[in-house]
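Visitor: need coordinates for the following:
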Amino acid sequence: MKSHTYYHWFNTKSRREFVRITDLVEDQVTESGIKEGFCLVSAMHITAAVYVNDAESGLIADIEEWLQKLAPEGPDYHHHGTGETNGDAHLKNLLIGKDVTLPVTEGKLDLGPWQQVYYAEFDGKRKKRMIVKIIGE
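Guide: Numbering: from 1, shown residues only. All right, here's what the predicted structure looks like:
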């Protein structure tokens, strides 16, 4: 079994941002040379997430509004007692999830027709890291 590891750094311009990373992940699958296996894409920070969904602007706005309703920015979370002000970002990570595992078939990401990979940032404007780990034959 072979493996390939790639780290990508983000420094978003806004606190919350949704970044389509499908092409970046596909490039790493190609670079890995792995034909059959799995690709893990994981945010390496607890205030960011990775998910798979449609690349439609209305849906992205819906996701952001849904997250704001469930974990609104601003309330006095217990976490804020530590001096932090990002309690909502931690909860948004729990709602979306920190990673996805994707199939690799015949040397390519095996996604459905509308599926795209996204990095979701909930406490940005600073340097953060993501890992792409591909394993297989």
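
Visitor: only C-alpha atoms from now on, for both contacts and neighbour counts.
Guide: Will do.

Visitor: in this structure, which residue is most central in space?
Guide: For the chain, Val50 is the residue whose C-alpha lies nearest the centre (Cα atoms, centre = their mean; 1.9 Å).

Visitor: shouldn't that one be in contact with Leu95?
Guide: No. Taking Cα atoms under 8 Å as the definition, Val50 is not a contact partner of Leu95, at 10.9 Å.

Visitor: need phi/psi at the residue lying farthest from the centre of the chain.
Guide: Largest separation from the mean C-alpha position in the chain: Gly81, at 27.4 Å (Cα atoms, centre = their mean). Gly81 adopts backbone torsions of phi -70, psi -20, taken as degrees, to the nearest 10.

Visitor: on the pLDDT front, check it for me.
Guide: Gly81 is assigned a predicted lDDT (pLDDT) of 94.
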